[in-house]
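*Asks:* Structure for the following, please:
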Amino acid sequence: MGLKTFIQGWPVYRQLTGTDPLGRGAAAQSPRSAGLTARTETADGMARSVCPYCAVGCGQRVFHSGGQVTQIEGDPDSPISRGRLCPKGSASKSLVTSPLRQTKVRYRRPYATEWEDLDLDVALDMIADRILAARAETWEDVDEQGRPLNRTLGISSLGGATLDNEENYLIKKLFTAMGALQIENQARI
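*Replies:* The predicted structure follows:
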């Protein structure tokens, strides 16, 4: 590379000799950055969603291509967040695309040292059986004075901040219908 080629490729030279003397446009742009495009331009489509982390309900635009999520950004049409996302919301793409995400039901039997994969139907049946057994063993119809209680202290729920408002509402309804009293959420603690 000669001296003349080096000087012509220098951004300050392009700025002073070109049409952009303040260096706010083409003079400040390298050939590499001029060829860059937004990750959202190549997406096949976009779906609107709500951030799953907290109860604020920030709007998200989920861009997808070929059946895969390619980018998640804040939704400028959302009256709640107006296109802004917190660091957790900005990183929510990893919820669905991380190679570390568990996609199978994992179970470790009592006193076992290894995890095993279970079929989803088997795991759901195991959970249902255990809930029904705990409810039956700890059910309280009435107290010592004969007043109705209709509750169980053998079941509790602690919801997580990655659940959205609708999921937390349904969990609260389910556990209340089963007679549980200890129903709490991580976002409230």
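*Asks:* rest of the way, CA atoms for contacts and neighbours
*Replies:* OK.
*Asks:* among the helices and strands of the protein, which has the poorest mean pLDDT?
*Replies:* The weakest-scoring helix or strand in the chain, judged by mean pLDDT, DSSP states H and E, is helix 3-9 (a mean of 62).
*Asks:* Show me what secondary structure element comes after that helix.
*Replies:* helix 11-17 (DSSP states H and E).
*Asks:* Mind listing what's buried along the top strand by length along the chain?
*Replies:* Criterion DSSP state E: the longest strand present in the chain is strand 148-159. The neighbour-count check on strand 148-159 (16 or more other Cα atoms under 10 Å) flags R151, T152, G154, I155, G159 as buried.
*Asks:* can you give me the strands for this structure?
*Replies:* For the chain, the strands defined by DSSP E occupy 45-50, 59-65, 68-74, 105-107, 116-118, 139-142, 148-159, 180-185.
*Asks:* tell me how far the longest helix anywhere in the chain is from the chain's mean position?
*Replies:* Of all the elements of type helix in the chain, the one with the most residues (DSSP state H) is helix 120-138. Put simply, helix 120-138 sits 28 Å off its chain's centre (Cα atoms, centre = their mean, to the nearest Å).
*Asks:* in stretch 32-45, what counts as buried?
*Replies:* T40, A43.
*Asks:* From one end of it to the other, what's the distance?
*Replies:* Terminal residues of stretch 32-45 lie 27 Å apart, using Cα to Cα, to the nearest Å.
*Asks:* Give me the distance between it and the centre of its chain.
*Replies:* Per Cα atoms, centre = their mean, the centroid offset for stretch 32-45 relative to its chain is 24 Å.
*Asks:* Pull the residues that contact it.
*Replies:* Residues from elsewhere that reach stretch 32-45 (Cα atoms under 8 Å, 6 or more residues apart in numbering): F63, H64, S65, G66, T70, Q71.
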